[in-house]
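Student: missing the sequence, but the structure's below:
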């Protein structure tokens, strides 16, 4: 499996689930925290939620959509990663992006993904893999925002094994092999809605 629809299309799909996941994720954020948020349709909903309710955050992102959403809140300092702009993803990618992330630290990373399997986080956009890995590596805690349609979806690239995550935030309880793998990796499941 490979390609996924462009950001604009994804941003309009499964909106109710993603809004619920975003609200659940935003409830975990505390004033004064430093966050890393990657480019994606669910993380964009998360940023819209943070802009409406969060206070006194510093957010490092490779997403122009996330940065624009957060800019509506004057108490949130937004740091945009340098690199190559990819219009299809409304995101910034490349070696320069990854190097930049590696020079920063965060309390929490909030990332999206194209898929989640018992083996780990999977991604259709190969350019996003290095950015997600860097954000996970540079953050004390890492949260994956995925709706249930991403469960057991194995794509072209693996980002990290499940053990790299603190928790997933989703709209349905995982079952079967995925549920067991998450439990074995000590990954918490936060249910939205």
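Tutor: Good, I have the coordinates. Remember, it's a predicted structure, so these values are computed and weren't measured experimentally.
Student: any idea how far the spatially most central residue of the chain is from residue 132?
Tutor: Note on the chain: the residue nearest the mean C-alpha position is residue 111, at 1.4 Å, using Cα atoms, centre = their mean. Separation of residue 111 from residue 132 (Cβ to Cβ, to the nearest Å): 5 Å. Glycine gets a C-beta too; all of them are placed from N, C-alpha and C.
Student: what is in contact with these two at once?
Tutor: Counting by Cβ atoms under 8 Å, 6 or more residues apart in numbering, the residues touching both residue 111 and residue 132 are 38, 121.
Student: what's the first helix or strand after the lowest-mean-pLDDT helix or strand in the chain?
Tutor: Of all helical and strand segments in the chain, the minimum by mean pLDDT, DSSP states H and E falls on helix 7-10, at a mean of 54. As assigned by DSSP states H and E, the chain's next helix or strand after helix 7-10 is helix 15-26.
Student: list the helices and strands that next one packs on?
Tutor: When contacts are defined as 3 or more Cβ pairs under 8 Å, 6 or more residues apart in numbering; DSSP states H and E, helix 15-26 sits against helix 41-53, strand 139-145, strand 167-170, strand 188-191.
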